[in-house]
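In: Next input, structure requested:
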Amino acid sequence: MTENADADRGVGTSEVAADVAADWDWATAEDGDAEPRVELRTDIPHPARMYDYYLGGKDNFPVDRVAAEQVVKLMPTAPDAARANRRFLGRAVRHAAALGIRQFLDIGTGIPTAENTHEVAQRSAADSRVVYVDNDPMVLTHARALLSSAPQGRTAYVEADFHDADAILESTAVKELIDFDQPVALLVVALLHFLPDSDEPHALLERYKRALAPGSVLILSHGSSDHTPELEEGVTGIYKAGGITVATRTRDEITRFGTGGADGWELIGPGVVSLNEWQAGTETVGDDDLRLTRQEVGGYGLMALKKA
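Out: Numbering: from 1, shown residues only. Below is the predicted model:
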């Protein structure tokens, strides 16, 4: 994407990008330009690249593929679970748009693939504004693809870590695209199971939830071994060997992410259910999800609405 393309769209994302990543203007960079300032580690697996492998993507390295293939040996349906997670995201974003929400903050977005948040949201409402947040340099290299927006909408990217809520909420991109006096859809999809309890993930998430206006929604998915306890030690061990913490949690613990906190939150749709079972409004799950079992999916999805 070129700067002129941004100007033609009237989006102004090049200005946002310049503030967010001053060392490398990824909104205007062409192939062969300076590399991102963050070191890209190809000698250790990364969960975003392993997830990309499960989805059939090509933005991964041998070390990611080795680790992911070990997981698949233990859990052959891991790729099916990853795709179910993407379909859950799509259904939840479409429902948020149906509720009238036009602002989306997607933290831990991962490597771009088909049916990204802005594609789904802007197909439902072309004027939707989406800010992606990730701390993975591989995502940074794909920021230009993420910034390809519908002419009526806006899309931007923030390089930051979920742990640093202030850096995200006070970033130029978020301030320019997100009005926290209006409802926002906060997406934390397949992220929190990489945070151990010692990181206090509930408190971290609460920081973001408090910033949202009434009428906002939380869209969350999380891995769980409720239905496959025999696989937990093996799968988490593979990630741990690569330096990746995985904290699978129970349904009750995951429910607390949606309903906990000082503000009033209530679950939408069927509540906290297997990813392949979540639906709301008039949209139903498709055959690809209906053929999966809870054991094969290994995770829960939820949407919660902020009432006050």
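In: all contacts plus neighbour counts: C-alpha atoms, from now on.
Out: Will do.
In: low-confidence ranges in this structure?
Out: The chain contains residues with pLDDT under 70 at 1-39, 144-145.
In: let's go with 80 and repeat that
Out: The chain contains residues with pLDDT under 80 at 1-40, 114, 137-138, 140-151, 261-263, 308.
In: in it, which spans are strands?
Out: 103-107, 129-134, 154-159, 185-189, 217-223, 265-267, 273-274, 299-306 (DSSP state E).
In: For residue 88, find the nearest of those.
Out: strand 299-306 (7.3 Å; C-alpha to C-alpha).
In: The closest one - contacts with which helices or strands?
Out: helix 78-98, strand 217-223, helix 251-259, strand 265-267, strand 273-274 (3 or more C-alpha pairs under 8 Å, 6 or more residues apart in numbering; DSSP states H and E).
In: could I get the ones you listed as TSV with distance to residue 59 and mean neighbour count?
Out: Below are these laid out as TSV (distance: least, C-alpha to C-alpha, whole Å; neighbours: other C-alpha atoms under 10 Å):
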stretch	distance to residue 59	mean neighbour count
helix 78-98	15	23
strand 217-223	22	27
helix 251-259	30	18
strand 265-267	35	18
strand 273-274	28	22
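In: so can I have CSV of the ones you listed showing distance to residue 204?
Out: As requested, these are arranged in CSV below (distance: least, C-alpha to C-alpha, whole Å):
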stretch, distance to residue 204
helix 78-98, 21
strand 217-223, 14
helix 251-259, 10
strand 265-267, 16
strand 273-274, 23
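In: that older thread, need the strands of the chain in a markdown table with distance to residue 251, can you?
Out: Shown next, in a markdown table, are these (distance: least, C-alpha to C-alpha, whole Å):
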| stretch | distance to residue 251 |
| --- | --- |
| strand 103-107 | 22 |
| strand 129-134 | 26 |
| strand 154-159 | 31 |
| strand 185-189 | 15 |
| strand 217-223 | 9 |
| strand 265-267 | 13 |
| strand 273-274 | 8 |
| strand 299-306 | 7 |
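In: roughly how far apart are the closest residue to residue 208 other than its chain neighbours and residue 133?
Out: In this structure, residue 208 finds its nearest non-sequential neighbour in residue 165, 6.8 Å apart by C-alpha to C-alpha, 6 or more residues apart in numbering. Residue 165 is 11 Å from residue 133, where distance means C-alpha to C-alpha, to the nearest Å.
In: ok, how many other residues are close to the closest residue to residue 290 other than its chain neighbours?
Out: Closest residue to residue 290 apart from its sequence neighbours, by C-alpha to C-alpha, 6+ apart: residue 276 at 7.0 Å. The number of residues packed near residue 276 is 30, by other C-alpha atoms under 10 Å.
In: again with residue 240
Out: 12.
In: who's in contact with it?
Out: Residue 240 is in contact with residue 246, counting by C-alpha atoms under 8 Å, 6 or more residues apart in numbering.
In: about what we covered before: any idea which of the strands of the chain gets closest to residue 118?
Out: Minimum separation from residue 118 across the strands of the chain (C-alpha to C-alpha) falls at strand 129-134, 5.9 Å.
In: Tell me the strands beside that closest one, with direction?
Out: strand 103-107 (parallel), strand 154-159 (parallel) (DSSP bridges).
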